[in-house]
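1. Sequence and predicted structure are below.
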Amino acid sequence: MQFVKTILKKILKIDSQSNVSPIKSVVHIGSKNHGYFLPENFLNKSSICYCVGAGEDISFDTELVVTYECNVIILDPAPEGIQHFNLLNEKINNDEPLSIGHEKSLFNYRIDKEQLSKIKYIEEGVWDTKTLIKFYEPTIENYASHSIKLFQESGKFIEVPVDRLSSIMKSLGHQTIDLLKLEIEGAEYTVIETIVEDHLDIKAILVEYDEVFHSKGFPYLFRIKKSTDLLLKNGYKLVNSTDHFKRLFIKSELYNYYK
């Protein structure tokens, strides 16, 4: 039965590797569970990176500064992200280590005081309009993130500020972004639609399609395909995808350089 499902997914082009056009070399940045693949030698100290969604693992975000000296903006209004960022600041400023994960997936933050001071943390989420919106409390024990889309059955929520990405970029004086990471618990579909609608200049987009971890059956795979197709039809190439649909999209002109 599993073999039949695998073949069917390939035929319907909803498996994790459908439409992937690999490039020569990618590197993994961050922890095992919350890291991402990037094109090798893609970023440098002038690069502007927006990391949307923090939770209790900002290893990818901090490693962008440690490895490439990037300008990093983290956006997350949820208490988990704010508390974890404050904890990291406290530990680093007291010259104390901080580790996350467990056993084989353990990650030790390498960032120092000076590097951490260069990260801008904004207590705001990204959506399709400027408003206050409900972030629902996780229904999974020890789960580290509230969600706009997931966990609505809990009936428990907090209200947090959100804004359209184009508006946030304008407020920060950015006309272009080198790298955008979206790890936002089901809200990625809506945000990707706004990126296309607003013709935003973003060189590379990293997306964790979070429904993979919460949905059953095939319908969510078609939602991922629709979102992926939208980017493919609007100037992006899908160059890397994990089995859990953590995906790297880059602009077509960059693809021609890195392929």
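-> Sure thing, it's come through.
2. how close does the spatially most central residue of the chain sit to Leu98?
-> Computing the C-alpha centroid of the chain and ranking residues by CA atoms, centre = their mean puts Leu182 first, at 2.7 Å. Using CB to CB, to the nearest Å, Leu182 is found at 24 Å from Leu98. For glycine as for every other residue, the C-beta is placed from the backbone atoms N, C-alpha and C.
3. got a pLDDT number for Glu80?
-> You'll see Glu80 listed with a pLDDT of 89.
4. Check Gly186 too.
-> Gly186 is given a pLDDT of 83.
5. Next one: the residue lying closest to Val191 once chain neighbours are set aside from Asp15, what distance?
-> Among residues not flanking Val191 along the chain, Val126 sits closest, at 5.3 Å (CB to CB, 6 or more residues apart in numbering). Applying CB to CB, the value for Val126 to Asp15 is 28 Å.
6. coming back round to it: wait, what's in contact with the residue nearest to Val191?
-> By CB atoms under 8 Å, 6 or more residues apart in numbering, the residues touching Val126 are Val52, Leu75, Val162, Asp163, Arg164, Leu165, Ile168, Leu182, Ile184, Ala187, Val191.
7. I figured Val191 hits Ile184, correct?
-> Yes - in this structure, Val191 is within contact of Ile184 by CB atoms under 8 Å, at 6.8 Å.
8. out of those two, which sits in the more crowded spot?
-> Remark: of Val191 and Ile184, Ile184 carries more neighbours, 26 against 22, as counted by other CB atoms under 10 Å.
9. Quickly note the distance from that one to Lys237.
-> Applying CB to CB, one obtains 22 Å for the distance of Ile184 from Lys237.
10. Near Val52, how many other residues are there?
-> Using other CB under 10 Å, Val52 has 23 neighbouring residues.
11. Any idea what it is bridged to?
-> Per DSSP bridges, the residues bridged to Val52 are Leu75, Leu182.
12. Quick one, grab the pLDDT at it.
-> pLDDT, Val52: 97.
13. Quick check: the gap between it and Val126.
-> In terms of CB to CB, Val52 sits 5 Å off from Val126.
14. between the two, what contacts are shared?
-> Leu75, Leu182, Ile184, Val191.
15. so which strand or helix has Lys237?
-> strand 236-241 (DSSP states H and E).
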